[in-house]
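Colleague: sequence plus predicted model, see below.
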Amino acid sequence: YLEKASTAQKRTDCGNAQRLILTYPNTYTPLHLKKVREIAAKQLPDLRIDDSDESRNYLRFISESDAVAFYYLSRRSALKSGHDLPDDFDRNILLYDMGAGTLDLTYIVKTSENAETLIDIRGKMGVNKAGNYVDYVLGEILCGLATSDNDKNLLREALGLGAGGANSNSVAFKRYIKSVLKPALNKDDEEKIPEMSLGAENAATIKFDGTIGDIINDKRYMQYLLSATKKVFENFAGIMGSMGFRTEENKINIVVFSGRASGLRGLRAAVKENLEPYMKEDCRFFDISGDDFIEPDERIRPDAAAISRLKTVVVDGAMTYATLYGNEGSMYKLKKRNVYSIYGLILERGNSDSIEWRPLITPLSKPLSDKPEEHFGMTVYQYDSAECSGGNMLMPNLGSYSKMYLVSSYCADTAAAWKSRDMEMISVLAEINLGALGSQNLGNQPVVLKINGQNELQLFIGELNQTFTPHEDWGDETFLKSLWPVKLA
């Protein structure tokens, strides 16, 4: 996209871009952000991307869910006056943004003192379980409801369940699910599942033995709703600890829904039900697409204006952030962090069933300085796990382990998730083969993780002068389904 933008500028008289705001999903790690920054510098050479203090005026990074949160904050005055609400009606805000590829959460605590308003971004989380993933789940259900065995096989091949992966019919299958089936899910349960055209020039018409209710009540659909709500909220609350919404003071006042997949039938009701332990009794629900408060049990039928708003809200929010909330001298003071997940080590003894989980830097860890730095368009606090531990430095006996993994985790119980091969909320950043380092002769060695001023992760193992190659494993099932029907080369 940056290459296309650069090419378009050269073909027009609009001049070269000199300022850039980049939005990203919360699933991105520091490794991803560094790569995006390098691509931006290459494709937009006139853009000032360096390590100077002034560069923050030319490049800004903001997560997509943060951008939507700032869009909502730009609308709150009109909401407050239009509904005659008290000043603190939205002190604690949860942004639930479900797009095509990722489900992103942002938790904000908003307080006012004198003439200033503090926007404290307390927590963020991202998982690869959004619109594309649920399309895949719906495709699996449809495979079993097709009338004939031939049609079932045709759909299975289009879904990519066979040995050859997705095929030429996959795009048509995806289009049907997105444009025909999903809107139909908001109809009465007794309604028949719409027919589907597939093949060259829509030569094949596929019929289904079932109703909308058969899809809504399918256990796979219901499991998806639980995984996108209950599982996510429990882990999110767990990693935030005392900063999160478990305490009465920090319970959620308002939930903001955004993203084109957030209107999926049953999803908002599931959010309300499974968020109940963390909500105030008078918690409200706001829908970005309708730009107003809603009842979560309502079935969503967005019109053209609502769909158009969802397409531009991230851009609008990012611009609001850059022009209003992100500037010095603003009446709004913004507090954000560069650590929202847990960084730690998985120590493995021969197989993944015999492991130890050692967290090193968490959202509750104290940075080296209370004052952040601005580097490459990012607000960065520096961390040192040796300092974070209060002197209790990690000193594992490396001879006892065969492998070590540096991971970023959104799991409240990372060890249990790893043992069960549940990698939905775990990103492997580096894999270290301890045997190749001669760990059997090393014994107990200090292991330290640092986050430097450029938001780069640095892992130090004793006196070893070892560079660890970032781990790039795109084989995770959840991640692959979140791309469907796109296949990685």
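Modeller: Alright, I've got the coordinates.
Colleague: and the helices in the stretch 51-200 of the chain, which stretches?
Modeller: Per DSSP state H, counting those that start in this stretch, the stretch 51-200 of the chain carries helices over the ranges 64-83, 131-145, 149-159, 170-176, 182-184.
Colleague: most tightly surrounded among those?
Modeller: Across the helices of the stretch 51-200 of the chain, the average number of neighbours (mean count of other Cβ atoms under 10 Å) peaks for helix 131-145, which reaches a mean of 22. C-beta: built from backbone N, CA, C; applies to glycine.
Colleague: could I have the CA atoms of that helix written out in PDB?
Modeller: Output of helix 131-145 as PDB, limited to C-alpha atoms (Å, rounded to 0.1, in the frame of the first residue of the first chain):
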ATOM      1  CA  GLY A 131     -14.400 -11.500  10.400                       C
ATOM      2  CA  ASN A 132     -12.300 -13.800   8.200                       C
ATOM      3  CA  TYR A 133     -12.100 -16.400  10.900                       C
ATOM      4  CA  VAL A 134     -15.800 -16.500  11.500                       C
ATOM      5  CA  ASP A 135     -16.300 -16.700   7.700                       C
ATOM      6  CA  TYR A 136     -14.200 -19.900   7.800                       C
ATOM      7  CA  VAL A 137     -16.300 -21.200  10.700                       C
ATOM      8  CA  LEU A 138     -19.500 -20.500   8.700                       C
ATOM      9  CA  GLY A 139     -18.000 -22.200   5.700                       C
ATOM     10  CA  GLU A 140     -17.300 -25.400   7.800                       C
ATOM     11  CA  ILE A 141     -21.000 -25.400   8.900                       C
ATOM     12  CA  LEU A 142     -22.200 -24.900   5.300                       C
ATOM     13  CA  CYS A 143     -20.100 -27.900   4.100                       C
ATOM     14  CA  GLY A 144     -22.200 -30.200   6.300                       C
ATOM     15  CA  LEU A 145     -25.600 -28.600   5.300                       C
END
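Colleague: offset the numbering so it begins at 420, please.
Modeller: Shifting the count to begin at 420 puts that one at helix 550-564.
Colleague: any idea of the mean pLDDT in it?
Modeller: Average pLDDT, helix 550-564: 96.
Colleague: and what of stretch 655-662?
Modeller: Rounded mean pLDDT across stretch 655-662 is 91.
Colleague: one more: stretch 615-626?
Modeller: On average, stretch 615-626 scores 77.
Colleague: any idea how far residue 497 is from the most centrally placed residue in the chain?
Modeller: Nearest to the mean C-alpha position of the chain, counting by Cα atoms, centre = their mean, stands residue 545 at 2.3 Å. Distance, residue 545 to residue 497, using Cβ to Cβ, to the nearest Å: 29 Å.
Colleague: same question, residue 633
Modeller: From residue 633 to residue 497 the distance is 42 Å (Cβ to Cβ).
Colleague: out of the helices of the stretch 470-619 of the chain, which comes closest to residue 713?
Modeller: helix 483-502 (12.4 Å; Cβ to Cβ).
Colleague: pull the CA coordinates from the closest one and hand them back as PDB.
Modeller: What follows is helix 483-502 as a C-alpha-only set of coordinates in PDB (Å, rounded to 0.1, in the frame of the first residue of the first chain):
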ATOM      1  CA  GLU A 483      -6.400   0.700  15.100                       C
ATOM      2  CA  SER A 484      -8.500   0.200  18.300                       C
ATOM      3  CA  ASP A 485      -6.800   3.300  19.800                       C
ATOM      4  CA  ALA A 486      -7.800   5.300  16.700                       C
ATOM      5  CA  VAL A 487     -11.400   4.200  17.000                       C
ATOM      6  CA  ALA A 488     -11.300   5.200  20.700                       C
ATOM      7  CA  PHE A 489     -10.200   8.700  19.700                       C
ATOM      8  CA  TYR A 490     -13.000   8.900  17.200                       C
ATOM      9  CA  TYR A 491     -15.400   8.100  19.900                       C
ATOM     10  CA  LEU A 492     -13.900  10.700  22.300                       C
ATOM     11  CA  SER A 493     -14.300  13.300  19.500                       C
ATOM     12  CA  ARG A 494     -18.100  12.500  19.600                       C
ATOM     13  CA  ARG A 495     -18.600  12.300  23.300                       C
ATOM     14  CA  SER A 496     -19.600  15.900  23.900                       C
ATOM     15  CA  ALA A 497     -22.500  15.600  21.400                       C
ATOM     16  CA  LEU A 498     -23.500  12.300  23.100                       C
ATOM     17  CA  LYS A 499     -23.400  13.800  26.500                       C
ATOM     18  CA  SER A 500     -25.500  16.800  25.700                       C
ATOM     19  CA  GLY A 501     -27.900  14.800  23.400                       C
ATOM     20  CA  HIS A 502     -28.700  12.300  26.200                       C
END
